[in-house]
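*Asks:* Next comes the sequence, and after it the predicted model I'd like to discuss.
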Amino acid sequence: MGDRIRLILEFKSLNDCKYSDINKYDIQGFIYSLLKYDLVFKNYHDVVGFKFFNFSNIFPVSNFKKGTIKKLIISSPNSKFIYAVRDSLNEKENLCLNKLDIVIQSIKIINPKESNKFISSTPIVLFEDNSKNQYYSFKQNPDFDFFFNRLKDNAIKKYNAYTEKDFYLEDNLFNSFEFKREVSVRVRKNNNTFVIIGSLWKSLEIDINKENKDFYKFLLDTGLGEKNSLGFGMINDVR
């Protein structure tokens with residue numbers, strides 16, 4: 001796999017808006033709109049199965065005030081995806097995020113350094129029962145073994161789907177961890193509100209070696225757990 005890259009979009013708000021008025025579907029739709037004229041990715045939103053990209057919360061986390069500067073990070077294991085987003089942004093100046101009008105301040109491509117310690121940036125989401133659309137909750141079923149076994153299976157499945165390999169990880173997904181808290185995130189789509197349950201982690205540590213290096217690089221680029229393309233499961237390396 002190639003170098004790790006992420007895109008950082010810095011923008012200025014052109015009007016006042018509540019932070020809660022811009023939800024994850026708005027950001028996802030914003031990203032898809034940037035790709036609608038790209039020959040490779042214009043129909044990416046229609047792809048069935050995994051969509052290999054992720055994004056952060058808009059930060060700093062506070063209400064949008066006219067003239068304030070905020071940032072959004074977009075990541076993907078596919079550098080062509082990141083460059084397609086960048087090229088589209090370079091052709092624009094003013095954009096819209098639901099009720100928020102913005103003007104681009106800067107677009108940066110960064111190459112994060114490797115690390116063996118990660119922290120969750122957005123909640124990690126897993127289904128406990130896919131058929132019932134039931135999310136795993138530590139409050140309902142505090143079982144770390146179940147969580148990390150399910151997380152490992154999901155990670156391997158995504159990696160093999162992307163690379164078309166038959167990779168398997170014999171060891172635990174992480175050697176040590178420090179749980180932070182469970183969270184419930186409200187998202188809106190087509191005037192319907194959904195609650196998605198996830199978890200935040202202060203620390204996730206692993207020993208990186210030549211056999212698993214690409215696998216963990218992939219996880220940093222695409223995210224952990226379910227609903228990565230909706231901005232869940234983003235992790236950052238701790239340096």
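*Replies:* Looks like it came in fine. Numbering: from 1, shown residues only.
*Asks:* How is this protein divided into domains?
*Replies:* Following the assignment in automatic domain parsing, the chain carries domains at 6-110, 117-237.
*Asks:* would you turn these into a markdown table with mean neighbour count and mean pLDDT?
*Replies:* C-beta coordinates here come from the backbone N, C-alpha and C atoms, glycine included. What follows is the domains of the chain, written out as a markdown table (neighbours: other C-beta atoms under 10 Å; pLDDT from 0 to 100):
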| stretch | mean neighbour count | mean pLDDT |
| --- | --- | --- |
| domain 6-110 | 16 | 95 |
| domain 117-237 | 16 | 94 |
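*Asks:* From the chain's centroid, how far away is the longest helix seen in the chain?
*Replies:* With secondary structure taken from DSSP state H, the chain has its longest helix at helix 144-163. Centroid separation for helix 144-163 versus its chain: 16 Å, with C-alpha atoms, centre = their mean, to the nearest Å.
*Asks:* what does stretch 161-176 give?
*Replies:* Put simply, stretch 161-176 sits 19 Å off its chain's centre (C-alpha atoms, centre = their mean).
*Asks:* which outside residues touch it?
*Replies:* Contacts to stretch 161-176, defined as C-beta atoms under 8 Å, 6 or more residues apart in numbering, come from residues 1, 49-50, 52, 77, 148, 151-152, 155-156, 159-160, 203-207, 212, 214-215, 218, 222.
*Asks:* what does stretch 45-63 give?
*Replies:* 16-19, 22, 27-28, 31-32, 44, 68, 70-78, 81, 121-122, 158, 161-162, 221-223, 228-229, 231-234.
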